[in-house]
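Q: Have a look at this prediction, sequence included:
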There are 2 protein chains.
Amino acid sequence: MTQPGPVPKPPTLRDVAQRAGVHSGTASRALNPRTRSMVNSDTVKRVLRAAAALGYEPNPIARSLRTNKTHTVGMFIPDVSNPLFSSMVRGVERVLSEQDYALLLADTDNSVERESSLYTALRGRQVDGLVIATAQRDSPLIDRMLTDQVPFVLVNRVSLEHSTLAVTGDEASGVRQAVAHLAGLGHTRIAYLAGPQRTSTGVVRLAAFRQSMLEHGFTPLPEEIVECASWSEEAGSEAMARLCAAGLAATAVVAGNDMIAAGCYDVLREFGIGCPDDVSVIGFNDMPFVDKFSPPLTTVRLPNRELGEEGAALLLDRMAGQAPIAKTIVLPVSLVVRGSTAPPR
Amino acid sequence: MTQPGPVPKPPTLRDVAQRAGVHSGTASRALNPRTRSMVNSDTVKRVLRAAAALGYEPNPIARSLRTNKTHTVGMFIPDVSNPLFSSMVRGVERVLSEQDYALLLADTDNSVERESSLYTALRGRQVDGLVIATAQRDSPLIDRMLTDQVPFVLVNRVSLEHSTLAVTGDEASGVRQAVAHLAGLGHTRIAYLAGPQRTSTGVVRLAAFRQSMLEHGFTPLPEEIVECASWSEEAGSEAMARLCAAGLAATAVVAGNDMIAAGCYDVLREFGIGCPDDVSVIGFNDMPFVDKFSPPLTTVRLPNRELGEEGAALLLDRMAGQAPIAKTIVLPVSLVVRGSTAPPR
């Protein structure tokens, strides 16, 4: 089957968003009658005017019938048991379903081997593109996708070696806000439970922590920065137990993510250390249910749903030949202060 | 390509489990060197002896090279944001990966339309079989799978219309344990926040609640049984707000699942009603993190991981032509008593 010759490129969701001066996720919500009420009415008007001016046509089915597409996108997530990713998945689904794409999920359980066999299962004619939320630095996945010329977008991570499409939260700003909040409360000895350094997010967040501490004139002791074996509750417990067993001198702990922070809670209780009375704890991600913890967790809120929405919009544009091969979108993050942080005793 | 003629059927994981007198999940863990330490050593010996006696060969790759299989299984989940399903997914993955099957996940977001288009995306040569954890009663999915002769297994649900392969927890026993626990504490007025009655689990759990109340000689008022619009925190909040606005006379609330129970927490706080001092709350599922809630949630523990493991083992046997087309496995459940239940004031 031969491909049709070049045709004038129709305007994309991203073009509409750009013209209206909003994020693609916002434009997408404004264009969909079912989600329109979530958007400010002035913004809705601006987006609809931009769509009309450009002649934007949201449903590409008629166009794609001539092509060989499966209308299916795959998404790699590193850990189905981390609720963080469910919000991203929902964001991806919302944007894809508007254009009648189905999403298949592949959970790698943080294993490079499993990632590789899942990629083999998804490759070929089975998916038109991939959303990658896994972040193993030593994975050959990105190389394979580039070789196979499969359209893909990274979400919640960037590649340290390749230029690609990527959507990420402003991780460094998040860590900086966490340290500034603790410094503002009067903490000077702050420990860090780092995520695994084989992942790109682990590396980026730890570097931001060291930098933020420097900016406040604080010098963390080497033994007060502990690398967790994984991004899990169990690994957080183990790391926190090591800190406590060594005689915890820090009055605050910043955790690499909320799962690690959840692991801290159990250990602090076991050691009879009060949170936040004796030790403040800060997480990262604002995953579902951490507002119901006892005490409710102070954490950095990533715009998880928007990360998924922006990633999906970028991928759709790329699959339509409308986006560049490399471009990084950085979305703002914010600190959510709850009950797990307080001034030091 | 023609299929090879009939060959003597090799022994399956299920044959080994049956001979050793254990569940397939346990047999699978005992046979895998990486998970063996999770099983009692006497059981491991019994399983290994059974495998040796039967000539069981765990790796079917050599056999399947002659066939047309994709070595990929699909799994439908109703809500990627409900942490309950992550444990089931992990159970399915563990058993499948031992036999080098890849698992693709499809999140239906409780939509029959989305389920239908995801099924279309997965059908054909793309998967060898399906694990179904969605439970919409009006879905045509089961009919389509039967027509297409796709091997499938239901987990955490049963079909009310068809005889199929299914693995489920003993739901009625779970609800009975919850009501008996409350009765034992002295509660007699117990409200019920039911899951949506368009789902099979919603129907089964509500029927069990009515039956258990009858057995204790309690008569719930019609207005104290509220159907939630979905299995979500938001729907739980709405239903609980309706109960509270009507002047809550019950001293205990049994929720259809933990997400609905989580929705109760916020509303009770808003209305200034103490839990468990004024009202006891019980959930269902024991999903991750409910032990960290304030107060920690009393709930019915479903063996989620085992549900996934048993389901995957049954499906693998079915795909190998070794299991019957219809068979239901019911696994025991247990009440986990935590801080959200106490005697009535």
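A: It's in. Numbering: from 1, shown residues only, chains lettered A, B, ... in the order given.
Q: switch to C-alpha atoms for all contacts and neighbour counts from now on
A: Fine.
Q: Name the nearest residue to the residue of the stretch 201-345 of chain A at minimum distance from chain B, ignoring sequence neighbours.
A: With CA to the nearest CA as the measure, A:Phe293 is the residue of the stretch 201-345 of chain A nearest to chain B, at 4.6 Å. Distances taken as CA to CA, 6 or more residues apart in numbering or on different chains place B:Phe293 nearest to A:Phe293, at 4.6 Å, with adjacent residues excluded.
Q: and that neighbour, what does it touch?
A: Shown in contact with B:Phe293 (CA atoms under 8 Å, 6 or more residues apart in numbering or on different chains): A:292-294.
Q: I'd like the residues you listed written out as CSV, with secondary structure and pLDDT added.
A: Converted to CSV, the contacts of B:Phe293 look like this (DSSP: H, G, I helix; E, B strand; the rest coil; pLDDT from 0 to 100):
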residue, secondary structure, pLDDT
A:Lys292, helix, 91
A:Phe293, strand, 93
A:Ser294, coil, 92
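Q: how near is the residue of the stretch 101-250 of chain A found nearest chain B to B:Ala102?
A: Taking CA to the nearest CA as the measure, the point where the stretch 101-250 of chain A comes nearest chain B is A:Leu105, at 4.6 Å. Going from A:Leu105 to B:Ala102 by CA to CA, to the nearest Å gives 11 Å.
Q: more neighbours, those two?
A: Shown here are A:Leu105 and B:Ala102; by other CA atoms under 10 Å in any protein chain shown, B:Ala102 has more neighbours (26 against 23).
Q: OK, contacts around the residue lying closest to that one once chain neighbours are set aside?
A: Distances taken as CA to CA, 6+ apart place B:Thr72 nearest to B:Ala102, at 4.7 Å, with adjacent residues excluded. By CA under 8 Å, 6+ apart, the contact list for B:Thr72 reads A:121, B:101-104, B:126-129.
Q: pretty sure A:Gly25 is touching A:Ala312, no?
A: No. The pair A:Gly25 and A:Ala312 fails to qualify as a contact (CA atoms under 8 Å) at a distance of 9.0 Å.
Q: Now for these two: what residues contact both?
A: In contact with both A:Gly25 and A:Ala312: A:Val95, using CA under 8 Å, 6+ apart.
Q: Can you tell me the element A:Met259 falls in?
A: Here A:Met259, judged by DSSP states H and E, is contained in helix A:258-270.
Q: ok, residues contacting the next helix or strand after that helix?
A: Following helix A:258-270 in sequence order, the next helix or strand is strand A:280-282 (DSSP H and E). The contact list for strand A:280-282, computed with CA under 8 Å, 6+ apart, reads A:178, A:251-255, A:261, A:275, A:297-300, A:340-342, A:344.
Q: got the residues of the stretch 101-250 of chain A near chain B?
A: With CA under 8 Å from any CA of the partner chain as the criterion, the stretch 101-250 of chain A comes near chain B at residues A:102-107, A:117-118, A:121, A:126.
Q: show me where chain A has helices.
A: A:13-20, A:24-31, A:41-54, A:61-64, A:84-98, A:112-122, A:141-148, A:171-185, A:200-215, A:233-245, A:258-270, A:304-319 (DSSP state H).
Q: Now do the second one and helix A:84-98, the angle between them.
A: In other words, helix A:24-31. Counting by axes from the mean of the first three to the mean of the last three CA atoms, to 10 degrees, helix A:24-31 lies at 50 degrees to helix A:84-98.
Q: May I have helix A:24-31 as PDB, with CA atoms only?
A: C-alpha atoms of helix A:24-31 as PDB (Å, rounded to 0.1, in the frame of the first residue of the first chain):
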ATOM      1  CA  SER A  24      -2.800  22.300  25.000                       C
ATOM      2  CA  GLY A  25      -4.500  20.500  27.900                       C
ATOM      3  CA  THR A  26      -6.600  23.600  28.600                       C
ATOM      4  CA  ALA A  27      -7.400  24.000  24.900                       C
ATOM      5  CA  SER A  28      -8.500  20.400  24.700                       C
ATOM      6  CA  ARG A  29     -10.800  20.800  27.700                       C
ATOM      7  CA  ALA A  30     -12.300  24.000  26.300                       C
ATOM      8  CA  LEU A  31     -13.000  22.300  22.900                       C
END
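Q: So which elements touch that helix?
A: With contacts taken as 3 or more CA pairs under 8 Å, 6 or more residues apart in numbering or on different chains; DSSP states H and E, helix A:24-31 sits against helix A:13-20, helix A:41-54, helix A:304-319.
Q: Tell me which residues are up against it.
A: A:13-14, A:16-18, A:35-39, A:43-44, A:47-48, A:95, A:306, A:309-310, A:313.
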